[in-house]
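Student: following is a predicted model, sequence given first.
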Amino acid sequence: MTRDLPLPVLATHGGKFHCDEVFAYSVLRVALGFAEPGRDHVLLRTRKPELIETADIVWDVGFVFDAAKNRFDHHQRGAPQRADGTPFSSAGLVWQAYGERAVATLLRESGTEALAAAIASEVDTIIVRRIDEIDNGVAAGGSNERDTLGLAALIGEFNPTWDDPAGTGPTAGDAAFQAAAELASGVLRRRVDGLRARLAAEASVLAAHKAGDDPRILVLDHGMPWKNAVFSHDLPVLFTVSPASNGNWMLDTMPPELGSFDQRLPLPEAWAGLQGEALVAKTGVADAVFVHLRRFVGAAKSRAGAVDLARKAMAV
């Protein structure tokens, strides 16, 4: 008869929690495949040195940074910094060691683990670095204004209030910490999946553009984000054709720059605001549906019809 092995112990400080240690815990759970404290690991929130010393992984407490020994504190003298001098928080330190592994775990179901390094780097840039800045009081862009809807603020609000009985005693805040970690985990999962989808869309856009008959017309078999790919790869696209959920095929114009409401080539002025038979008569496209009054989008009932609208628009 074999004796069960002790559960791994993950330790951070007790008391009031912040975004960095909550996010770091979420990363560790994903990377290590942990589902529930008490079942496959122990979460220890304490400041007692003798307990911290015996833990398998420690972050945001202990005054030691040693990734090889799974110690990830940033409060001691000589704490590590990013290459540009931005100080790490425990989230940044844990991400450096476990971030790519966590991302790869999240990508496993879709079979896209090869994207893990690229996505982990972007998550570090757009999320983890900001957590580092906030936790260390480093204002991004020179602004000290508190973002009350940011992740750090939302996680902070999970802390028990001063008059909440859950905020006192040996397990004070533990349940709230777990609830905050669920929020952080959801943010991480959705952001990773969004970045995966964006990279998949970019690959599809490039393949469709390469296979197209006219480099100025991008024809997609599915609706997807396409403007970033066009800009980042400097494609000469003027119009994009893609299916809509109502069965029509949309004809979208290309803006001159991201965020602009202008168009590289607007749909013809004579088509503006027309629909149905009036648009069919004006364009000669038998299944033309409509053109917006501002000439940035139109539609036809078929792919061929939408492509024909694009060709006629370029010929005007």
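Tutor: Good, I have the coordinates.

Student: so for M314, what's the pLDDT?
Tutor: At M314, the predicted lDDT confidence score is 97.

Student: elements contacting the strand or helix carrying it?
Tutor: Per DSSP states H and E, M314 falls inside helix 303-315. When contacts are defined as 3 or more Cβ pairs under 8 Å, 6 or more residues apart in numbering; DSSP states H and E, helix 303-315 packs onto strand 217-219, strand 239-243, strand 249-253, strand 297-300. From N, CA and C alone the C-beta is placed, and that goes for glycine too.

Student: and of those, who's closest to L267?
Tutor: Among the helices and strands packed on helix 303-315, the nearest to L267 by Cβ to Cβ is strand 297-300 (5.7 Å).

Student: alpha carbons only: can I get that closest one in PDB?
Tutor: Only the C-alpha atoms of strand 297-300 are listed here, as PDB (Å, rounded to 0.1, in the frame of the first residue of the first chain):
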ATOM      1  CA  VAL A 297     -19.600  49.800 -46.900                       C
ATOM      2  CA  GLY A 298     -22.000  48.100 -49.200                       C
ATOM      3  CA  ALA A 299     -23.400  44.600 -49.800                       C
ATOM      4  CA  ALA A 300     -24.600  42.100 -52.400                       C
END
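
Student: rewinding a little: can you add mean pLDDT and give the helices and strands packed on helix 303-315 back as a markdown table?
Tutor: Shown next, in a markdown table, are the helices and strands packed on helix 303-315 (pLDDT from 0 to 100):
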| stretch | mean pLDDT |
| --- | --- |
| strand 217-219 | 98 |
| strand 239-243 | 98 |
| strand 249-253 | 98 |
| strand 297-300 | 98 |
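
Student: quick one: which of the ones you listed is nearest A68?
Tutor: strand 217-219 (48.7 Å).

Student: and that closest one, how far from the chain's centre?
Tutor: On the basis of Cα atoms, centre = their mean, to the nearest Å, strand 217-219 sits 27 Å off its chain's mean C-alpha point.

Student: also stretch 264-275?
Tutor: On the basis of Cα atoms, centre = their mean, stretch 264-275 is displaced by 36 Å from the centre of the chain it belongs to.

Student: returning to what we had before: would you indicate which residues of the helix holding M314 are buried?
Tutor: 303, 305-310, 312-313 (16 or more other Cβ atoms under 10 Å).

Student: follow-up on the earlier one: distance to T46 and mean neighbour count added to the helices and strands packed on helix 303-315, as a markdown table?
Tutor: As requested, the helices and strands packed on helix 303-315 are arranged in a markdown table below (distance: least, Cβ to Cβ, whole Å; neighbours: other Cβ atoms under 10 Å):
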| stretch | distance to T46 | mean neighbour count |
| --- | --- | --- |
| strand 217-219 | 57 | 21 |
| strand 239-243 | 55 | 22 |
| strand 249-253 | 56 | 23 |
| strand 297-300 | 58 | 24 |
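
Student: compare the ones you listed and give me the one nearest V30.
Tutor: Closest to V30 of these, according to Cβ to Cβ: strand 239-243, at 33.5 Å.

Student: what does the closest one contact?
Tutor: Contact with strand 239-243 is made by 216-224, 226, 249-254, 265, 303, 306-307, 310, 313-314, as judged by Cβ atoms under 8 Å, 6 or more residues apart in numbering.

Student: could you dump that strand to PDB, C-alpha only?
Tutor: This file holds the C-alpha atoms of strand 239-243, laid out as PDB (Å, rounded to 0.1, in the frame of the first residue of the first chain):
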ATOM      1  CA  PHE A 239     -11.800  46.700 -50.700                       C
ATOM      2  CA  THR A 240     -12.500  43.600 -48.600                       C
ATOM      3  CA  VAL A 241     -15.300  41.100 -49.400                       C
ATOM      4  CA  SER A 242     -16.500  38.800 -46.700                       C
ATOM      5  CA  PRO A 243     -19.700  36.900 -45.700                       C
END
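
Student: off-centre distance for it?
Tutor: 25 Å.

Student: and for stretch 61-69?
Tutor: 28 Å.

Student: would you mind measuring the gap between the ends of it?
Tutor: 14 Å (Cα to Cα, to the nearest Å).

Student: just the buried positions in that stretch, please.
Tutor: 61-62, 65.

Student: tally of neighbours for the residue nearest to Q81 when sequence neighbours are not counted?
Tutor: Spatial nearest neighbour of Q81, chain neighbours left out: P87 (5.1 Å); criterion: Cβ to Cβ, 6 or more residues apart in numbering. By other Cβ atoms under 10 Å, 16 other residues sit near P87.

Student: quickly note the distance from P87 to A152.
Tutor: Distance check for P87 against A152: by Cβ to Cβ, to the nearest Å, it reads 15 Å.

Student: next: G15.
Tutor: From G15 to A152 the distance is 17 Å (Cβ to Cβ).

Student: pick out whichever of these two has more residues nearby.
Tutor: A152 (21 against 11).

Student: what helix or strand is that one located in?
Tutor: helix 151-156.

Student: would you indicate which residues of the following helix or strand past that helix are buried?
Tutor: Going down the chain from helix 151-156, the next helix or strand is helix 174-211, by DSSP H and E. For helix 174-211, a neighbour-count test (16+ other Cβ under 10 Å) marks 174, 176-177, 180-181, 183-185, 187-188, 191-193, 195-196, 198-199, 201-202, 204-206, 208-209 as buried.
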